[in-house]
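Colleague: Generate a structure from the sequence data that follows.
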Amino acid sequence: MQKWLITGVSTGLGRAFARAALAQGHIVVGTVRTGEDLQAFEELEPGYAHGRILDVTDDDAVRRVVDEVEQNVGALDVVIANAGYGLEGIFEETPLAEVRRQFEVNVFGAMATLQAALPHMRRRRRGHLMAVTSMAGLMAVPGMSAYCGSKFALEGILEALGKEVAQFGIHVTAIEPGSFRTEWAGRSMTRAPHAVHAYDELFLPLREARQKASGNQLGNPAKAGEAVVHIASLERPPAHLVLGSDALRLITAARRAVDEDIRTWEELSRTTDFPEGAQL
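Modeller: Predicted coordinates for the structure are as follows:
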């Protein structure tokens, strides 16, 4: 039996991860935003599901909750920074205040959660830190620049973190879901106002398709939960866990395009060195 902490378990993938862990007999502490959601979560598995009300953008509150859970529930084995949301909008007209809010939740909220758990795991020299990025952390789509930016940022943080804490026996995994049948593209998404009609031909079909797909996506959240619980049981879990065949396809294509640019411009890249080499 493991002890898990998952942020954002009211709905969506966070709820699916929690259900899958509970089904395997693990104790799960899940964070929510309201008392009603707390009660609903604890009713999933009385005695095993423990709710905590938390705003992940409140750094001090995050640390207090993690420390309290460590003291009163027990040593955490797995922590998943899942809380986040999508911000849709053309880059030119997305208010910077909305972009900052996107990063506060998706990046700094995740960092606060992992930072709060890390000292406890480091002292025990074991543990598994995870965060939900997205396929949009490894590929980008028009009309989602702020969201993609937040997830690309989180990818870089997790990759560096994994290299820092491997010496302590702590694993770090970036979870990169594709499109799953949740409320992410529906009521959970924030949409910036759209008024610059020069982008209509590109943007409006994408927005319409995203709205129509909401609730009908390919990905099964329960299967995603099972996959995450599976890697948490492994001695050598992956640093990256891509979830969904759509994510595999789109990420592969995006990485291929980056590789092609690197190959095409390799000679120009080399011209920027001093001819005598590095001065040591």
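Colleague: Please give me every residue in contact with the residue most central in space within the chain.
Modeller: With distances taken as C-alpha atoms, centre = their mean, the chain has Val132 as the residue nearest its mean C-alpha position (1.9 Å). Contact partners of Val132, counting by C-beta atoms under 8 Å, 6 or more residues apart in numbering, are 13-14, 80-82, 84, 175, 177. Where C-beta positions appear, they are placed from N, C-alpha and C, glycine not excepted.
Colleague: do Ala153 as well
Modeller: Counting by C-beta under 8 Å, 6+ apart, Ala153 makes contact with 103, 107.
Colleague: how about the nearest residue to Arg15, chain neighbours excluded?
Modeller: Val9 (5.3 Å; C-beta to C-beta, 6 or more residues apart in numbering).
Colleague: A strand includes the one you found, no?
Modeller: No - counting by DSSP: H, G, I helix; E, B strand; the rest coil, Val9 falls outside a strand, being coil.
Colleague: quick one: it and Gly30 touch, right?
Modeller: Yes - under the criterion of C-beta atoms under 8 Å, Val9 makes contact with Gly30 at 3.2 Å.
Colleague: what residues do those two have in common as contacts?
Modeller: Residues touching both Val9 and Gly30 (C-beta under 8 Å, 6+ apart): 18, 41, 51.
Colleague: you'd agree Glu159 is up against Ala174?
Modeller: Yes - contact status for Glu159 versus Ala174: in contact at 7.3 Å, counting by C-beta under 8 Å.
Colleague: which of the two has more neighbours?
Modeller: Taking other C-beta atoms under 10 Å, Glu159 and Ala174 do not tie; Ala174 has more neighbours (25 against 13).
Colleague: Quick check: the gap between the closest residue to the more buried one other than its chain neighbours and Pro95.
Modeller: Closest residue to Ala174 apart from its sequence neighbours, by C-beta to C-beta, 6+ apart: Leu158 at 4.6 Å. Leu158 sits 28 Å away from Pro95, going by C-beta to C-beta, to the nearest Å.
Colleague: Pull the number of nearby residues for Glu93.
Modeller: 13.
Colleague: what pLDDT does it get?
Modeller: Glu93 carries a pLDDT value of 96.
Colleague: how long is stretch 41-59 end to end?
Modeller: From its first residue to its last, stretch 41-59 covers 23 Å (C-alpha to C-alpha, to the nearest Å).
Colleague: Off-centre distance for it?
Modeller: Centre-to-centre, stretch 41-59 and its host chain are 18 Å apart (C-alpha atoms, centre = their mean, to the nearest Å).
Colleague: quick one, strands of the protein?
Modeller: For the chain, strands defined by DSSP state E occupy the ranges 3-7, 27-32, 49-53, 78-81, 87-88, 127-132, 170-177, 190-191, 240-243.
Colleague: Go through those and find the least confident stretch.
Modeller: Minimum mean pLDDT among the strands of the chain: strand 190-191, a mean of 90.
Colleague: Just the residues contacting that one, thanks.
Modeller: 85-89, 98, 102, 207.
Colleague: Neighbouring strands - and their directions - for it?
Modeller: Sheet pairing of strand 190-191 (DSSP bridges) gives strand 87-88 (parallel).
Colleague: Contacts only, for the closest residue to Val66 other than its chain neighbours.
Modeller: Distances taken as C-beta to C-beta, 6+ apart put Ala116 closest to Val66, at 3.8 Å, once the chain neighbours are dropped. The contact partners of Ala116, taken as C-beta under 8 Å, 6+ apart, are 62-63, 65-67.
Colleague: and these, which of them are in helices?
Modeller: 62-63, 65-67 (DSSP state H).
Colleague: Could you dump these into TSV with pLDDT added?
Modeller: Formatted as TSV, the ones in helices among the contacts of Ala116 follow (pLDDT from 0 to 100):
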residue	pLDDT
Val62	98
Arg63	98
Val65	98
Val66	98
Asp67	98
